[in-house]
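Colleague: below are the sequence and a predicted model; questions follow.
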Amino acid sequence: YDITGAGDMVIAMLAAAMSSLSSGINSISGVLVRDFFGRFGWTTGRSLRLDKGLSVAAGLLATGLALGLSLVLGRLEWNLIEIAQRLNNLLVGPIAVPVFAVAFLKRARTAAAIAGFCAAAAAAVGIAFAKELWGGEAISFMWVVPVPLAVGLGVAAAVSWSAKAAAPAAKGSTMERCWN
């Protein structure tokens, strides 16, 4: 029984994970230095030092979040796969609501998009954490995207139609030219 290859496989997996993590952390610090700090002129002559400091800070933050998540998962008796299934698509439906509302509703304005997003986010959290919030059986994670999307679009449509009745579009407005 030869297990010498098993150690090599573990080393290869850890090296791949470290490579992915380091490139992500370097990307975060590079974007912050160039796009955020550079916009305010704070990088003159010290961008490399700032980039290295931000890399260390992002690494420490990621390590702290991993340790905190480990403690939380241990107390709640969840595993990483279960929490990933719950959180993976949590905001997919809510983020799609403003896009579809603007594309398909005649007079979707900012208020309708925000109301639809908030309703969809609440529905997504309610579905993902139904067992913890209300007890009983957990709802399948497969419903985390379609139900909040439908709820959010319904709320956005209701707000849009109520705003339409309250204040019709001005003659010759862009919305009127597009839809009439």
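Modeller: Nice, I can see it. Numbers count the residues shown, from 1 in each chain.
Colleague: what's the pLDDT at Ile81?
Modeller: In this model, Ile81 is scored at 77, pLDDT.
Colleague: kindly report the same for Ile3.
Modeller: What the model reports as pLDDT for Ile3 is 62.
Colleague: got it, and Ser19?
Modeller: Turning to Ser19, the model gives it a pLDDT of 90.
Colleague: quick check: it vs Gly64, distance?
Modeller: Going from Ser19 to Gly64 by CB to CB, to the nearest Å gives 21 Å. Quick note: C-beta positions are derived from backbone N, CA and C, even for glycine.
Colleague: where along the protein do the helices fall?
Modeller: All helices of the chain, identified by DSSP state H, fall at 4-31, 47-76, 80-88, 92-104, 110-128, 130-134, 146-166, 174-179.
Colleague: TSV for those, including mean neighbour count and distance to Phe40?
Modeller: Formatted as TSV, the helices of the chain follow (neighbours: other CB atoms under 10 Å; distance: least, CB to CB, whole Å):
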stretch	mean neighbour count	distance to Phe40
helix 4-31	11	14
helix 47-76	12	12
helix 80-88	13	33
helix 92-104	18	29
helix 110-128	20	28
helix 130-134	12	42
helix 146-166	18	36
helix 174-179	11	35
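Colleague: mind checking those for the one nearest to Gly41?
Modeller: When the helices of the chain are compared by CB to CB, helix 47-76 sits nearest Gly41, at 11.2 Å.
Colleague: identify the residues contacting the closest residue to Ala128 other than its chain neighbours.
Modeller: Nearest non-adjacent residue to Ala128, counting by CB to CB, 6 or more residues apart in numbering: Arg86, 4.4 Å away. Contacts for Arg86 (CB atoms under 8 Å, 6 or more residues apart in numbering) come out as Ala128, Phe129, Phe141, Val144.
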